[in-house]
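Engineer: Whatever this is, show me its structure:
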Amino acid sequence: MSTETLTKPETTPEGTDTTDDDTPKMFHYVKKNKIAESAVMGTHVVALCGEVFPVTKSPKPGSPVCPACKEIFDGLRPGE
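Structural biologist: Okay, here's the model as predicted:
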């Protein structure tokens, strides 16, 4: 059995779940360097909570964030 140390990735919230008007219901935290690649190439990203989706929208200040992603992000050590 091996153990691995979780490090705090550089992340930013990104949307997945959408409403009828194509506005995401909530945003997830994903690795920052994967956002542009997903937006341009259409590849999928993996959020901290495990959700897999293509990047389609950018969050605005005050946008709702996935509670699971926020809990994981807040539990990571700063600066790592």
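Engineer: name the element the closest residue to V55 other than its chain neighbours belongs to?
Structural biologist: Distances taken as Cβ to Cβ, 6 or more residues apart in numbering put S38 closest to V55, at 3.8 Å, once the chain neighbours are dropped. From N, CA and C alone the C-beta is placed, and that goes for glycine too. Following DSSP states H and E, the helix or strand that holds S38 is helix 32-41.
Engineer: Determine the set of other helices and strands touching that helix.
Structural biologist: Counting by 3 or more Cβ pairs under 8 Å, 6 or more residues apart in numbering; DSSP states H and E, the packing neighbours recorded for helix 32-41 are strand 11-15, strand 44-46.
Engineer: quick revisit: enumerate every residue touching the residue nearest to V55.
Structural biologist: For S38, the contacting residues are 44-45, 54-55, by Cβ atoms under 8 Å, 6 or more residues apart in numbering.
Engineer: where are the low-confidence patches of this protein?
Structural biologist: Using pLDDT under 70 as the threshold, the predicted model of the chain has low-confidence ranges 1-24, 79-80.
Engineer: how about the helices in it?
Structural biologist: Listed from the start of the chain, the chain has helices (DSSP state H) covering 32-41, 67-75.
Engineer: would you list those in a markdown table and tack on distance to K25?
Structural biologist: Compiled in a markdown table, those are given as follows (distance: least, Cβ to Cβ, whole Å):
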| stretch | distance to K25 |
| --- | --- |
| helix 32-41 | 19 |
| helix 67-75 | 12 |
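Engineer: bridging residues for V65?
Structural biologist: With DSSP bridges applied, V65 shows beta-bridge pairing to F27.
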